[in-house]
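Colleague: Prediction below, plus the sequence it came from.
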Amino acid sequence: MALELIPIGTILTVLTNQVIKTAQAAKNIVIEKESFKVLSKHLFDIEKVLQELQLKKLNDSQAVRLALNSLEADVEKANNLVEKYKNRSLFYLLVRCRHIVNEIQEVTRDIGRSLASLSLASTEVLTEISDQVNRLQNEMQRVEFEASQSQLQIVDKLNQGLRDQKLDQGFANDMLEQIARAVGVPVEPSEISKELASFKREKEEAANRKERAEVLFLEQVIELLSRADAARDYEEVKKQYSQRLQVIERYDAREDYIPPLNPFICRLSGTVMVDPVSLCTGTTCERAAIEVWFDCGEKTDPETGDVLEDTSLRSNLPLRQSIEEWRELNYCLKIRCCRVKLLSGLDSYEEEALSQMQDLMRESSINKDWISIGGLTDIIISILGTSHNKDIKKKILITLKDLVEGHARNKEAVIEYQGWDHIVCCLGRDSSISRAAVELLYELLQDRSGWSVSACRKLSQQCSGILFLVTLLKGPVRESAEYAEKILQKLFDLDEENISRAAKSGWYNPLIDRIIQGPESSRILMVTGLVNMELVDSNLELLGKEGIIPPLLEMVKCGSLQSREPSLSVLVKLSGCHANKELFAATGGIPLVLQLMFSSHVHKVIIVKCSEILEKLSSDNDGIKFLVDEKGDQLDLEWIITNLLALQQNSNSSHNVRKPALRALFRICKSEAELVKTAVLKADGVSLVLPLLDDSDPEIRETAINLLFLFSHHEPQGVVEYLLKPKRLEALVTFLENDDKSDVQMAAAGLLANLPKSELPLTMKLIELEGLDAIIKILRSGTMEAKENALSALFRFTDPSNLESQQIVVEQGVYPLLVNLLRVGSLTAKARAAALIGTLSTSTPKLTVVTKSRSCWCFWPSRVHLCPAHGGICSENTTFCLLQTNALPDLVELLHGKVHATAYEAIQTLSTLVPEGSPQKGVNVLHEADAIKPTLEILTWGTDSLKEEALGLLEKVFMSRDMVEIYGLTARLLLVGLTGRNIHDDGCLGRKATRILSLIERYSRSSTSLLPGLFG
């Protein structure tokens, strides 16, 4: 019926119903809801306008009818658009969302323009709602629709992937999951299969419409999404593999390829077809090849040459299925062949099999499933753990990466089988293997949403995993380091304990960053981790350089007890490294530590840690070096010493506080003699430390004896009084007997040496308590430092005024020990040994029985040997004669050594052989021992005090005419120099030299005096 014959009211009614129908349908579209909602809203608004026109009885005119006709046509377009997308594949609607939005926008604008025409044609009727109508038509004509940003991102990512030909399974899994979630389809194989089937029908319909560009695009999308795990039903995949496997059983085990049938070959390309299509003549070709054929202008059948009346193409699905079956049979043959090669145990066969596996996965993603179903995954993982061939290991790792890339099920299989352990072990191999291993590990840790939390947790539990990753991070291969860092950072985000594990492996930066910037709970966790770590000096030094000390001190200063204690524990460790001590001091940490240590309101555990820090800071002979503020100014040492001593007196101080505090006090006092005076005189150190000798803790007793050794230089009498009390001296002897602690032995012996030797009761009490035995034992087996102090202590027992004590010493076998020390001791030990021999030798003349008359010699036994120095019967044990102990050569050797300390004591000891009244025998002994010449040489190199001792001995020597004849000329030259130097100063050396020259002149055969002014 012509439009002019239809009443205007009927047209309005029909149009109104059409608008309502379309508006209602537009609301229910599941894709691009917002755009369709806007269209629906505008249509409902138009419905109100149309109803107004019906009420006002719109004038019937040509312009009105044309406007209504145009509006009806545009509403019909909108309705067709709604119908077009109402029941389409959800995947299709998403991938075409940008095109759909443009269509909605165009139809909405067209309706707006038609509404504007209707408004102009019915101005009089629409007067009351003109503003509303004008606003509506303006909005519709200017409307701009956009697909949602999330949908556009998915579509853009998909298009970019297709352009880049990204067909890997990982990308397929990612895209399928994003698309499915965007349109509300569960990511389950059954649901995905339905949706993909619907999507494929869209492609078929597009092919029927001859929309070649659309078909090509949809084919690419379908091919990509079909590779995803969720696009396959695993049970169906296993069933399909089993069916193919049954078919190839009839083929020889050596066969790995079935040739293609002739119908599988494309007549144009000569290759096996992938997407076979049939022409109207029945000829089948590869779709891409025949399309190129037509594009080149050909209109004939490529096989028969007949002109084609119809150039449409129909998919040859049966043939396509047959070709796919042929390919799958070949896949199964190759998988079977690979299995045989892998089990052969030959490296060359294994390498061939791995290459074939990689080719299979490149050819079709289904082979990732079939390789796993066929058991090849387990086999190559086993080879990875047993093979010693580096190339095989590397190739297995690469193959496994291809196998698991984007394939969740294969990842689970590798992780659950022994693969995890073997892969982690490969991280510690050479650079090529470790790189392949870390790349595979990174892939295993990924899932569809990003990182696989379960896999990351499993790696965290692998004891060596983090160690190897840290090693790679620090290694020379940049790519491996980058992968390692990404994995480690994820492990850190997952569990902060992993930061501590990385620190144990030598990567401290993340831990230090958390301590500096993290919340308190993280900081405490990191610091606690450090407390439990075993750190060597290099680790401690690195931590200090990385800046860990300032934040730790901040935690000590401002943190809770929960954070203070572990922070101080770490600072105890750090302060044990010499390189950190300066950093500690420069940061201003020392005053803070001392303030906490000496505070009465601080928890005991804090005081313990501060005491340990102070002990470490003063160790290694550093003493007071680091007891400074942040500016480097020395702290109040007297205050520190006084408070350290007070801690020992405080009954509330536990051993854990007193021990490190006492050791720190000892090291501080040891560093400077003036500080010992401070401790003794100003802080009453002796009286405070002496009671510690009775402490129950052996370490406190041992440190106390070391301190008392220092203090005894300044206040020995107080120590004597204490030791003479009951049970005190026994404790000292116990220290002397402590062979396990050489420093304690040394201190005890030194303390004894510093006590007044005039205290005879102390000496005899020590002998009674076997203290002398302990001292002699030190001379036998102690350290050289302990021997030096033991020698000093021995002087108390060798005092010439106490022959009884001397006798006991000699009977204990001390003489051979002293002589041995003349040879092998330190300079100090040699000097003290020589002096001790001298004190014993002093008593020899008193103990030697000398005959008065030569006539009495007949009564001596015929073979009795008389001492050449003392003229009687001498022995080591009865007269303490140094000649009987063979000490003389070693004493002379000390003169040749030209060392003041040893030469001085040697001269004094040699002088005991030459008594004032009868020097001749002793002089002859010295001459025969070649002792006089080195004594003369002392006048050329010795100090004044040493020269004075030498001159004293020479004065007795040159009382012998024989010695003048032998040494006179040499002596004159040396003595003249001394008299000339000192004649104007009236010095002692000059006077002694002059006396000796007078002796030489008296016995000189020459009548000419060398010094007529002196002797004339």
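Modeller: Great, that's in hand.
Colleague: same question for the helix or strand hosting residue 748, mean pLDDT?
Modeller: In this assignment (DSSP states H and E), residue 748 forms part of helix 742-754. Across helix 742-754, pLDDT averages out at 86.
Colleague: Can you spell out which helices and strands pack onto it?
Modeller: The contact analysis (3 or more CB pairs under 8 Å, 6 or more residues apart in numbering; DSSP states H and E) places helix 742-754 against helix 698-711, helix 728-736, helix 771-781, helix 784-794. For the C-beta atoms, the positions are set from N, CA and C on the backbone; glycine is no exception.
Colleague: Check the burial of the closest residue to residue 202 other than its chain neighbours by counting its neighbours.
Modeller: Distances taken as CB to CB, 6 or more residues apart in numbering put residue 92 closest to residue 202, at 4.4 Å, once the chain neighbours are dropped. Residues lying near residue 92 (other CB atoms under 10 Å) number 24.
Colleague: One more: residue 328?
Modeller: 20.
Colleague: Now the host helix or strand of residue 440: buried residues?
Modeller: Applying DSSP H and E as the criterion places residue 440 in helix 431-444. Neighbour counts using 16 or more other CB atoms under 10 Å place 433-444 of helix 431-444 among the buried residues.
Colleague: elements contacting it?
Modeller: So helix 431-444, by 3+ CB pairs under 8 Å, 6+ apart, packs with helix 390-404, helix 408-416, helix 419-426, helix 465-473, helix 478-494.
Colleague: So which of those helices is nearest residue 807?
Modeller: With CB to CB, the closest approach to residue 807 among the helices and strands packed on helix 431-444 belongs to helix 465-473: 68.7 Å.
Colleague: how far off helix 478-494 does that closest one point, in degrees?
Modeller: If you take axes from the mean of the first three to the mean of the last three CA atoms, to 10 degrees, helix 465-473 sits at 140 degrees to helix 478-494.
Colleague: ok, back up a step: got the helices and strands packed on helix 742-754 as a markdown table, with mean neighbour count, mean pLDDT and distance to residue 879 columns?
Modeller: Formatted as a markdown table, the helices and strands packed on helix 742-754 follow (neighbours: other CB atoms under 10 Å; pLDDT from 0 to 100; distance: least, CB to CB, whole Å):
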| stretch | mean neighbour count | mean pLDDT | distance to residue 879 |
| --- | --- | --- | --- |
| helix 698-711 | 24 | 85 | 35 |
| helix 728-736 | 20 | 83 | 29 |
| helix 771-781 | 21 | 91 | 20 |
| helix 784-794 | 24 | 92 | 19 |
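Colleague: what does stretch 210-223 rub up against?
Modeller: 91-92, 95, 158, 162, 167, 196, 199-200, 202-203, 206-207, 275, 291, 312 (CB atoms under 8 Å, 6 or more residues apart in numbering).
Colleague: Mind checking which of those residues are in strands?
Modeller: Residues of those located in strands (DSSP state E): none.
Colleague: For residue 126, report the pLDDT, please.
Modeller: 61.
Colleague: One more: residue 87?
Modeller: Reported pLDDT for residue 87: 77.
Colleague: Quick one: neighbours of it, just the number.
Modeller: 8.
Colleague: Tell me where the stretch 801-950 of the chain is predicted with low confidence.
Modeller: Where the stretch 801-950 of the chain drops to pLDDT under 70, the residues are 850-863.
Colleague: Repeat the analysis, applying 50 as the threshold.
Modeller: 853-860 (pLDDT under 50).
Colleague: Could I get the full set of helices for it?
Modeller: Assigned by DSSP state H, counting those that start in this stretch, the stretch 801-950 of the chain shows helices spanning 803-811, 814-824, 827-842, 844-847, 888-896, 900-911, 920-928, 932-941, 944-957.
Colleague: ok so, going back, for the helices and strands packed on helix 742-754, give me CSV that also has distance to residue 632.
Modeller: Output for the helices and strands packed on helix 742-754, formatted as CSV (distance: least, CB to CB, whole Å):
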stretch, distance to residue 632
helix 698-711, 27
helix 728-736, 39
helix 771-781, 42
helix 784-794, 33
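Colleague: and residue 914, which of those helices is closest to it?
Modeller: That would be, of the helices and strands packed on helix 742-754 and by CB to CB, helix 784-794, which comes in at 24.5 Å.
Colleague: tell me the contacts of residue 539?
Modeller: Residues in contact with residue 539, defined by CB under 8 Å, 6+ apart, are 506, 508, 533.
Colleague: Assign a three-state SS to the spatially closest residue to residue 170 that is not a sequence neighbour, would you?
Modeller: Excluding the flanking residues, the one nearest residue 170 by CB to CB, 6+ apart is residue 406, at 2.6 Å. Classification of residue 406 by DSSP: H, G, I helix; E, B strand; the rest coil places it in coil.
Colleague: rewinding a little: for the helices and strands packed on helix 742-754, which one sits closest to residue 623?
Modeller: helix 698-711 (12.0 Å).
Colleague: So what touches the next helix or strand along the chain from that closest one?
Modeller: As assigned by DSSP H and E, the chain's next helix or strand after helix 698-711 is helix 716-723. Defining contact as CB under 8 Å, 6+ apart, one finds that helix 716-723 is touched by 686-687, 690, 708, 711-712, 728-729, 732, 751, 754-756, 759, 762.
Colleague: Okay, angle between helix 716-723 and helix 742-754 too, please.
Modeller: Using the same axes, to 10 degrees: helix 716-723 against helix 742-754 is 110 degrees.
Colleague: before we move on, back to that, could you single out the nearest of the buried residues of helix 431-444 to residue 295?
Modeller: residue 443 (41.3 Å).
Colleague: I'd say the closest one and residue 407 touch.
Modeller: No - in this structure residue 443 lies outside contact range of residue 407 using CB atoms under 8 Å: 9.6 Å.
Colleague: pull the helix or strand with minimum mean pLDDT from the chain.
Modeller: helix 1012-1015 (a mean of 39; mean pLDDT, DSSP states H and E).
Colleague: Check which helices and strands the host helix or strand of residue 138 sits against.
Modeller: For residue 138, the element it lies in under DSSP H and E is helix 130-142. Contacts defined by 3+ CB pairs under 8 Å, 6+ apart place helix 130-142 against helix 33-55, helix 97-121.
Colleague: so where's the protein uncertain?
Modeller: Ranges of the chain meeting pLDDT under 50: 1-3, 853-860, 982-984, 1006-1016.
Colleague: residue ranges of the strands in the stretch 151-300 of the chain, please?
Modeller: 276-278, 284-286 (DSSP state E, counting those that start in this stretch).
Colleague: coming back round to it: now the contacts of residue 539: which count as buried?
Modeller: 508, 533.
Colleague: got the contacts of residue 539 as a markdown table, with distance to residue 840 and secondary structure columns?
Modeller: A markdown table is the format used below for the contacts of residue 539 (distance: CB to CB, whole Å; DSSP: H, G, I helix; E, B strand; the rest coil):
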| residue | distance to residue 840 | secondary structure |
| --- | --- | --- |
| 506 | 62 | coil |
| 508 | 63 | coil |
| 533 | 58 | coil |
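Colleague: of the contacts of residue 539, closest to residue 14?
Modeller: residue 508 (81.2 Å).
Colleague: Against residue 480, how distant is the closest one?
Modeller: 20 Å (CB to CB, to the nearest Å).
Colleague: How about residues contacting the helix holding residue 138?
Modeller: Identification of contacts with helix 130-142 by CB under 8 Å, 6+ apart yields 42, 45-46, 49, 108-109, 111-113, 115-116, 119, 123, 126.
Colleague: For my notes, please list the residues you listed in CSV and give distance to residue 527 and neighbour count for each entry.
Modeller: Below are the contacts of helix 130-142 laid out as CSV (distance: CB to CB, whole Å; neighbours: other CB atoms under 10 Å):
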residue, distance to residue 527, neighbour count
42, 65, 23
45, 67, 19
46, 71, 27
49, 74, 21
108, 64, 25
109, 67, 17
111, 70, 28
112, 69, 20
113, 73, 14
115, 73, 26
116, 75, 19
119, 77, 19
123, 83, 10
126, 79, 21
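Colleague: With distance to residue 867 as extra columns, can I get those in JSON lines?
Modeller: Below are the contacts of helix 130-142 laid out as JSON lines (distance: CB to CB, whole Å):
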{"residue": "42", "distance to residue 867": "139"}
{"residue": "45", "distance to residue 867": "142"}
{"residue": "46", "distance to residue 867": "145"}
{"residue": "49", "distance to residue 867": "149"}
{"residue": "108", "distance to residue 867": "137"}
{"residue": "109", "distance to residue 867": "139"}
{"residue": "111", "distance to residue 867": "143"}
{"residue": "112", "distance to residue 867": "142"}
{"residue": "113", "distance to residue 867": "145"}
{"residue": "115", "distance to residue 867": "146"}
{"residue": "116", "distance to residue 867": "147"}
{"residue": "119", "distance to residue 867": "150"}
{"residue": "123", "distance to residue 867": "156"}
{"residue": "126", "distance to residue 867": "153"}
